[in-house]
Every structure is written in C-alpha cells, then in structure tokens.
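>>> Pasting the sequence and the predicted model now:
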Amino acid sequence: MAQSKNLLSPAGLREWWYGQLHQWIPITKYRPYERDAGPHVTPKSQVAAGGGNGRDAPIPPGTLAGGSLPAEEYLSSGEEQVRLMAAELEKAGLEFRDGMRVVEFGCSSGRMTRWLHLLPARAEVYGCDIFAEAVRWARLNLNPSYRFLTTTSNPHLPFEDRSAQLIYAGSVFSHIYELAEAWLLELHRILADDGMAYLTIREKHEFSLFDGKMKDSMIAQWLREDPEARRAADSDFASLELGGFRNPNVFWDLETFREMVQPHLEVRGVVHEAYWGQTAVILARASRS
C-alpha cells in the first residue's frame with residue numbers, strides 16, 4: 001500500500017516516468033535551448049577578431065557556468081588546467097604545431113576553451129557539447145575563430161577519421177557509464193596518427209580526497225550519508241556509478257580503464273588531481289591501430 005501511495009505522489013510519478021524513459025527509450029539526447037513559444041533570436045557575435053580569450057571574455061551566467069564557482073575560480077581554474085594539460089602533453093611527446101586541430105569533447109560554455117590561446121601553437125579549435133545553450137553562449141562570447149557545435153549523447157562526432165591532433169575532455173568520462181567503450185572507440189576514430197587525447201576520469205584515488213581536502217564536496221557528503229554508497233566505494237570495483245542515469249558520477253579502477261582502452265589506444269601518461277580531484281589519462285593510438 002505504501003508503495004502505491006508513493007507512486008501516486010508527484011515524486012513517485014516523476015521517478016516512475018524517468019524509469020520508463022530509461023527502460024524503453026534509446027536515449028540519444030541533448031539539452032535544447034531554453035525558449036518560449038515565440039521567436040528565438042540568436043544575435044551576431046560582437047567579439048572582434050582575435051578577442052574572446054582568457055580574462056577578456058565575459059563570464060557566463062551561473063546556469064551556464066557549470067555550477068556555483070566564484071568568478072575568480074572559474075577563470076583561474078580554467079587557466080591552470082589548460083597550462084597543466086599543455087605541459088603534460090609536451091612531456092608525453094605531443095608535438096604542438098600551427099594549424100593542428102584541437103577538439104574539446106564536452107566544452108560547456110568554454111571554461112577551459114577560453115584559455116586555448118595559451119597553447120604553444122595556433123590551433124584550429126572545435127568545442128562540442130550536448131548543452132545547446134552553453135554552446136550558443138560560447139559561440140557568441142568567445143574567440144570568433146573557434147567553432148562550437150551541439151552534439152548528442154550518441155557516440156558520434158562530426159569529424160573525419162584521424163583528423164584531430166588533440167582531443168581533450170574535462171569531467172566527461174566521469175558522467176559516461178554504459179557507453180564509455182563506444183565513446184573511446186569514437187575518439188580513437190578521429191584521433192590523428194600523431195595525436196593524443198587528454199581525458200579526465202574519476203578513479204579510486206579521488207576517494208582518499210573525500211576524506212581529506214575535498215571533504216566538503218557533494219560526493220563526500222553523499223558518501224557520509226549513504227552507507228550503501230560508502231560500501232560500494234570501498235569495494236574492489238572495476239567501475240562504480242553513483243547517482244543513477246539522470247546524474248551519473250562514474251568512478252574507475254585505473255588499471256581497468258587502462259585495459260579498456262586497449263588494443264586501440266595506449267596510455268602515455270597519468271596525472272593525479274589534474275582537474276580538481278580527477279585524474280587525467282593521456283592516450284595515443286596504439287602502434288597496431
């Protein structure tokens with residue numbers, strides 16, 4: 001009886017509906033523009049050629065900024081993470097050269113993209129995301145020579161085979177569970193022979209931070225309040241998803257992730273805490289692929 005009562009409540013109906021969607025609809029999704037029934041106008045970008053970089057670009061509104069980061073942290077974190085990425089990729093052997101194609105997989109409103117002028121080469125930059133409003137904002141406010149496009153959660157990117165010298169993704173594979181292998185194969189498809197991918201993942205190392213310097217984070221609180229989640233986190237897992245399909249937070253055993261990318265890709269570097277608590281994994285095409 002209690003179960004029926006719960007089903008008839010607004011929350012219960014909502015959970016039932018989400019469950020039906022997840023079970024029956026193959027979800028090839030993106031988040032569309034937020035607009036009313038009337039005309040929806042996208043203005044022309046007013047950013048001058050060569051502008052829209054770093055601190056010269058505005059900060060997006062909170063709904064597009066990926067959370068509640070203070071303005072200074074929003075700017076400084078993007079700069080630090082791009083500088084670290086460039087340094088680690090150079091150590092791993094990536095050759096930066098003018099005209100190289102850079103694809104940011106999961107760019108949102110461009111917290112990192114706005115700092116790509118710091119790369120040691122003038123790049124052809126593409127940013128893609130499933131959040132159409134964030135993509136639109138980036139197109140209007142960031143470097144006008146960059147191209148931003150809305151994609152879907154279906155494992156396909158609109159680029160030619162072996163055409164990207166650098167693919168990077170900050171906190172994207174931390175939210176991909178069932179389709180992780182398919183997306184890795186798609187990144188392998190577009191990665192150039194001499195290219196590298198820089199992907200951040202949540203992995204077991206991060207759990208030690210939730211008991212220390214990241215103890216005030218949402219997931220740390222979650223683990224303290226949910227004994228089942230805590231037991232799962234302490235288990236010898238290959239992968240772990242917390243939060244359900246609407247908001248998955250995915251953790252990997254690092255060796256399992258290393259094995260999963262094979263035989264098409266190989267790990268050229270691992271950088272702990274490269275993206276807040278997340279680990280960056282640097283990948284290149286395996287010699288046989």
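Sure thing, it's come through.
>>> State the phi and psi torsions of V172.
The phi/psi pair for V172 (degrees, to the nearest 10) reads phi -110, psi -50.
>>> before we move on, what SS does the closest residue to R224 other than its chain neighbours have?
Using C-beta to C-beta, 6 or more residues apart in numbering and skipping the chain neighbours, the partner closest in space to R224 is R230 (7.5 Å). Every C-beta, even on glycine, is put in place using the N, C-alpha and C of the backbone. Under DSSP: H, G, I helix; E, B strand; the rest coil, R230 falls in the helix class.
>>> list the buried ones in stretch 190-203?
Using 16 or more other C-beta atoms under 10 Å as the test for burial, stretch 190-203 gives 190-192, 195-203.
>>> Could you check the pLDDT of the most centrally placed residue in the chain?
Among the residues of the chain, the one closest to the centroid is V172, at 2.5 Å (C-alpha atoms, centre = their mean). Looking at V172, its pLDDT reads 96.
>>> which ones are touching it?
Neighbour list for V172: 105-106, 199-200 [criterion: C-beta atoms under 8 Å, 6 or more residues apart in numbering].
>>> redo that, cut-off 6 Å
Neighbouring residues of V172 by C-beta atoms under 6 Å, 6 or more residues apart in numbering: 105-106.
>>> Over to A86?
Contacts for A86 (C-beta under 6 Å, 6+ apart) come out as L119.
>>> which stretches of the stretch 101-250 of the chain have low pLDDT?
Where the stretch 101-250 of the chain drops to pLDDT under 70, the residues are 245-246.
>>> W115: neighbouring residues, count only.
W115 has 23 neighbouring residues, counting by other C-beta atoms under 10 Å.
>>> Relative to M260, how far out is it?
Distance, W115 to M260, using C-beta to C-beta, to the nearest Å: 30 Å.
>>> Please apply the same query to F173.
If you measure F173 against M260 using C-beta to C-beta, the figure is 10 Å.
>>> Of those two, which one has the most company?
F173 (23 against 15).
>>> K204 versus the more buried one, what's the distance?
As judged by C-beta to C-beta, F173 and K204 stand 15 Å apart.
>>> Over to F96?
In terms of C-beta to C-beta, F96 sits 32 Å off from K204.
>>> May I see the buried residues of stretch 229-237?
Using 16+ other C-beta under 10 Å as the test for burial, stretch 229-237 gives 229, 233.
>>> give me the number of residues near H205?
15.
>>> residues in contact with it?
Residues in contact with H205 (C-beta under 6 Å, 6+ apart) are H272.
>>> any idea how far it is from D226?
Counting by C-beta to C-beta, the separation of H205 from D226 is 21 Å.
>>> Does the closest residue to C107 other than its chain neighbours lie in a helix or a strand, and which?
In space, and not counting its chain neighbours, C107 is closest to G127: 3.2 Å by C-beta to C-beta, 6+ apart. Assigned by DSSP states H and E, G127 belongs to strand 124-129.
>>> how about that strand as CSV, C-alpha atoms only?
The C-alpha trace of strand 124-129 is given here as CSV (Å, rounded to 0.1, in the frame of the first residue of the first chain):
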residue,chain,number,x,y,z
GLU,A,124,42.1,25.1,-35.3
VAL,A,125,39.7,24.7,-32.3
TYR,A,126,36.4,23.0,-32.1
GLY,A,127,34.2,22.8,-28.9
CYS,A,128,31.2,20.4,-28.7
ASP,A,129,28.7,19.7,-26.0
